[in-house]
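Participant: Pasting the sequence and the predicted model now:
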Amino acid sequence: MKKILSLTLFTLLLQMSYAQPAPETNADGFVSGQVLLSDNSTIAGTVKENIRKKGEVTVLNGGKKTKYKAADISSLQIGSSNYITYNYTFYEVLWQGTTITLLRKANEPSGIQYNGNEPVVITSEGNVDDYFVKKGTGSLQLLTKNTIKDVLGKLCSNCAAAIDATKFDIAAVKKAIEECDKCK
């Protein structure tokens, strides 16, 4: 009986030692993070993301909760995930090279934003979880299975022949973007 108990305890300890460390999360779902506001000020604290549902994040800093929409933020780091905002929309940074960045759309912007007292209708291209590519400070370009060869062909015309348009999963897209970024 002692051998079985010892073996069970040893097995549990062994499994716990291989566990991956996760970002610190408290009971309310807040994770350590950092927010870069549009005025280039930085707020560090614990962050609760509600990007997919409401298009906002809540920052707990000094016991005070503050909600930020995509219009208020330039970039955001939550645990190991990085986000940027563009046209009132959050985009998750999947891969970043020297000149090209691969993004995934994380939310739909709310339909109406206010510019002072005037309502402005905001739309963005693509659906949630669509891939986008951005070169330098240029605009975002939607990547689909049908357009990947054209988009990457324009971004890196010298390497366009190496792009395999038959595969369109995240690994193949990352590989194509990486090759495009390396190409001069």
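Facilitator: Noted; the coordinates are in hand. These numbers were taken from a predicted model, which means no experiment stands behind them.
Participant: Look at stretch 75-94 and report the distance between its end residues.
Facilitator: Criterion CA to CA, to the nearest Å; first-to-last residue distance in stretch 75-94 is 14 Å.
Participant: I meant stretch 136-151, not that one.
Facilitator: 15 Å.
Participant: Please enumerate residues in contact with it?
Facilitator: 86, 91, 99, 103, 125-126, 130-134, 155, 160, 163, 165, 168, 173, 176 (CB atoms under 8 Å, 6 or more residues apart in numbering). From N, CA and C alone the C-beta is placed, and that goes for glycine too.
Participant: Inside helices: which ones of those?
Facilitator: Leu155, Val173, Ala176 (DSSP state H).
Participant: How many neighbouring residues does the last one have?
Facilitator: Other residues near Ala176 number 26, with proximity taken as other CB atoms under 10 Å.
Participant: Report pLDDT for it.
Facilitator: pLDDT recorded at Ala176 is 85.
Participant: State the distance from it to Leu94.
Facilitator: Ala176 is 12 Å from Leu94, where distance means CB to CB, to the nearest Å.
Participant: same deal with the second one?
Facilitator: Val173 sits 8 Å away from Leu94, taking CB to CB as the criterion.
Participant: Right, I'll call it a day here.
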